[in-house]
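> the following block contains a protein sequence and its predicted model.
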Amino acid sequence: MSPTITVHRPDIEDPPVEPVTLAPRSELPEDARLLLVDNGKAKARDLLLYLAAELKQRLPIGSVEVVSKPSAGAPLEDDQVSELAARSDLVIAGLGDCGACSACSLQDALLFERAGVPSTVLITEVFIANIARFSQALGCPGYHSLVVPHPAATKSEAQLRQFAASVADAACDQLRSRALAGVS
Amino acid sequence: MSVLLEVEQDRLQEEFFERGWTDGLPVVAPTPPLVKAMLDTVDLEPDDVIGAIPRRSRSVTVEQAAINAVMAGCKPEYFPIVVAALSALLDPAFNAHAALTSTGGAASCVIVSGPLAHEVGMNCGQNALGSGNRANATIGRAVRLVARNVFGAITGKFDASAMGNPAKYTLCFAEEDPPDPWQPLRVQLGYQHGDTTVTVMATEAPRQVANHLSEVAEEVLLTFVSAMRVPSTYATGKGGQGVVVMGPEHAQAVRQAGWTQEQAREFLCRESRIRPEELVQSGVPLEVGNQHDMIPGQDGKLPSIGAPSDVYLVTAGGAGPGWSAYIPSFAPLQHTRAVTRRVRLLGEAMPDCGPDGCRIDLSSFTRGD
């Protein structure tokens, strides 16, 4: 056994994060307001709107609002979230089809959960692990997501409609039940 | 304060590799004396925070920066430059949250302009962007080790680089002050000639720019333009930033023809605009109605560079037949911007606020109910 040497650890412990308390999934009003947080990635808006159309057939949605972010590489600001949360009953953020944008769309969804609005995030399948790591780092391990094939940006209108239909039931479940978020 | 570990000397490198604390290369053991020597070069406390990524709930202290600077192989006298570089990287405009995570796999390009670069032995001449100079190599490496060990920029954690590039190990160089009337980068950016500044941009890897047969300024600049409007570059047609590293022959040709740097930046920005058809012919579809709304301007073209001030024109490199380099930002302007910080030296007095700036007569205040 060689002599020992004293060294500093170069890393830091994962910082303490206030756990995210998910929004209550209470009964929806008859004209629920669905907010789509479009991160501006190619086809994100289209895919979110197709998903909203599917959800209208499943949930009592009275209006759909789309907010488009100027950069997919940054989450919404807290005051924007407060303002939007006050006029929304459900939120879907997306499209997470790259590293920074999936992390930021996840943060958007969690910010709305903190603000008391049931939410979920739409991502492409290769970013499942990325989302899982950020969910843990942001205080909500195991947070749910809606997963479509990757890449979505190159797909036709028909394929995007198919993707939307494929996750519509999951979206209903995630927006209506906290148990599916992995955090009871 | 950081945590101290006892490690077997013979196992030290393996221990650091196994714990994921290196960039794949061996490191210098961050012992308390070496870390203290680093800390002694700045007027900062070990627990002072250099900057943070708020959405990641992570910040870096001066001590953590010093530990990683030792590991990178920095000499203590490099440390004020490392601190300034980290401060720039953690400015919100740089958007480290995205730049350290994006699939784009950005490098953190560090440009040092000013006398301290030369005092600590940085290379601005032959092979300026290459290997072999300790200061260039280790300052850039220290920045990346902090990104890794403090901010989680690790493959399999928060770094989602699809391809990455070799400049992610280190990309740091010094500027060679150009002859009059051209100004060094720090002066172009509004700092004093005697200052030392550190500019950090999230970039792709450098690309070589060759023009060995022309000394005509416009032809030389058009060669740069050809490197700046490459359809396969992510920011082309959307508007980003870029570092134009002019080698001595190219800089001389442009300067001696009477071009100011401002004129050169305007030319490069204007001429690097690209027709939408060129992108389409290269197989690059145009984005419409999203964050990159690629709507042509009045000239019918799209920007590769946002504005003339987004061209960071510096001179560096050694003699040759006519070599330069271009380093594009990894993403358009709405995602990331270069940030510059002035290096604060040990013992440097704080600026004088003037006769009134810091004097408040508290007796004139009354407690309100």
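Received it, and whenever you're ready, just let me know what you need.

> hey, let's count contacts and neighbours off CA atoms from now on
Noted.

> and the longest helix for chain A?
Longest helix in chain A, counting residues (DSSP state H): helix A:157-176.

> quick one: list the elements packing against that one.
helix A:44-56, strand A:119-124, strand A:146-148 (3 or more C-alpha pairs under 8 Å, 6 or more residues apart in numbering or on different chains; DSSP states H and E).

> tell me the mean pLDDT over it?
For helix A:157-176, the mean pLDDT works out to 95.

> and it, what's buried?
By 16 or more other C-alpha atoms under 10 Å in any protein chain shown, the buried positions in helix A:157-176 come out as A:160-168, A:170-171, A:174-176.

> one step back: so which of the helices and strands packed on helix A:157-176 is nearest A:Ala23?
strand A:119-124 (8.0 Å; C-alpha to C-alpha).

> can I get the CA coordinates of the closest one in CSV?
Output in CSV follows, covering the C-alpha atoms of strand A:119-124 (Å, rounded to 0.1, in the frame of the first residue of the first chain):
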residue,chain,number,x,y,z
SER,A,119,-48.9,19.6,-16.6
THR,A,120,-46.8,17.3,-18.7
VAL,A,121,-43.9,17.5,-21.2
LEU,A,122,-43.8,16.1,-24.7
ILE,A,123,-40.4,14.7,-25.8
THR,A,124,-38.9,12.4,-28.3
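
> and the next helix or strand past it?
helix A:128-137 (DSSP states H and E).

> that next one vs strand A:119-124, what angle?
Relative orientation of helix A:128-137 versus strand A:119-124 (axes from the mean of the first three to the mean of the last three C-alpha atoms, to 10 degrees): 150 degrees.

> for chain A, what are the nearby residues on the stretch 251-369 of chain B?
Contact residues, the stretch 251-369 of chain B versus chain A (C-alpha under 8 Å from any C-alpha of the partner chain): B:Glu287, B:Asn290, B:Gln291, B:His292, B:Gln334, B:His335.

> picking up where we left off before, just the closest of the buried residues of helix A:157-176 to B:Phe16, please.
Nearest to B:Phe16, judged by C-alpha to C-alpha, of the buried residues of helix A:157-176 is A:Gln174 at 41.6 Å.

> now do whichever helix in chain B runs longest: distance to the chain's middle.
As assigned by DSSP H, the longest helix anywhere in chain B is helix B:134-149. Centroid separation for helix B:134-149 versus its chain: 12 Å, with C-alpha atoms, centre = their mean, to the nearest Å.

> next: stretch B:338-354.
On C-alpha atoms, centre = their mean, the centre of stretch B:338-354 falls 19 Å from that of its chain.

> got the contact list for it?
Applying C-alpha atoms under 8 Å, 6 or more residues apart in numbering or on different chains, the contact partners of stretch B:338-354 are B:41-43, B:80-81, B:83-85, B:87-89, B:91, B:93-94, B:191, B:195-202, B:241.

> now do stretch A:45-65
By C-alpha under 8 Å, 6+ apart, stretch A:45-65 touches A:28-36, A:38-39, A:92, A:94-95, A:160-161, A:163-165, A:167-168, A:171-172, B:290.

> what residues of the lowest-mean-pLDDT helix or strand in chain A count as buried?
Every helix and strand of chain A was ranked by mean pLDDT, DSSP states H and E. The lowest is helix A:128-137, at a mean of 90. Within helix A:128-137, the residues that count as buried by 16+ other C-alpha under 10 Å are A:Ile128, A:Asn130, A:Ile131, A:Ala132, A:Arg133, A:Phe134, A:Ser135, A:Ala137.

> between the residues you listed, which is closest to B:Ala128?
Nearest to B:Ala128 among those, with distances taken as C-alpha to C-alpha, is A:Asn130, at 36.1 Å.

> what's the spacing between the closest one and chain B?
Plainly put, A:Asn130 is 7 Å away from chain B if you go by C-alpha to the nearest C-alpha, to the nearest Å.

> those strands in chain B, which residues are they?
Along chain B, the stretches classed as strands by DSSP state E are B:4-8, B:49-53, B:58-61, B:107-113, B:172-174, B:197-203, B:207-210, B:242-246, B:311-315, B:323-328, B:339-342.

> partner strands of the second one, with direction?
When pairing is defined by DSSP bridges, strand B:49-53 lines up against strand B:58-61 (antiparallel).

> contact partners of the partner strand?
Residues contacting strand B:58-61 (C-alpha under 8 Å, 6+ apart): A:Pro15, B:Pro46, B:Asp47, B:Asp48, B:Val49, B:Ile50, B:Gly51, B:Ala52, B:Ile53, B:Val146, B:Val150, B:Phe151.

> if any of the residues you listed are buried, give me the PyMOL selection for them.
Filtering these down to the buried ones (16+ other C-alpha under 10 Å) takes a single PyMOL command:
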select buried, chain B and resi 46+49+50+51+52+53+146+150+151
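
> where does the prediction get shaky in the stretch 251-369 of chain B?
Applying pLDDT under 70 to the stretch 251-369 of chain B flags residues B:353-369.

> got it, and the stretch 1-150 of chain B?
In the stretch 1-150 of chain B (pLDDT under 70), no residue qualifies.

> near chain A, which residues of it show up?
B:2-10, B:21, B:29-32, B:56-58, B:64, B:67-68, B:95, B:97-99, B:101-103, B:149-150.

> in helices only, show me those.
B:Pro32, B:Gln64, B:Ile67, B:Asn68, B:His97, B:Ala98, B:Ala99, B:Asn149.

> buried among those? Make that a ChimeraX selection.
This is how ChimeraX selects the buried members of these, with burial counted by 16+ other C-alpha under 10 Å:
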select /B:64,67,68,97,98,99,149
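
> beta partners of the most centrally placed residue in chain A?
When C-alpha atoms, centre = their mean is applied to chain A, the residue found nearest the centroid is A:Val121 (2.0 Å). When assigned by DSSP bridges, A:Val121 has beta-bridge partners A:Ala93.

> next, the contact list for it, please.
Neighbours of A:Val121 in contact, by C-alpha under 8 Å, 6+ apart: A:Ile92, A:Ala93, A:Gly94, A:Leu95, A:Gly96, A:Ser105, A:Leu106, A:Ala109, A:His144, A:Ser145, A:Leu146.

> using TSV, lay out those together with neighbour count.
Formatted as TSV, those follow (neighbours: other C-alpha atoms under 10 Å in any protein chain shown):
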residue	neighbour count
A:Ile92	28
A:Ala93	30
A:Gly94	30
A:Leu95	32
A:Gly96	34
A:Ser105	30
A:Leu106	30
A:Ala109	27
A:His144	26
A:Ser145	27
A:Leu146	24
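
> farthest pair within the residues you listed?
Applying C-alpha to C-alpha across the contacts of A:Val121, the maximum distance is between A:Leu95 and A:His144, 14.3 Å.

> residues from chain A in reach of chain B?
A:1-12, A:15, A:17, A:39-42, A:45, A:68-74, A:98-101, A:130, A:133-134, A:137-138.
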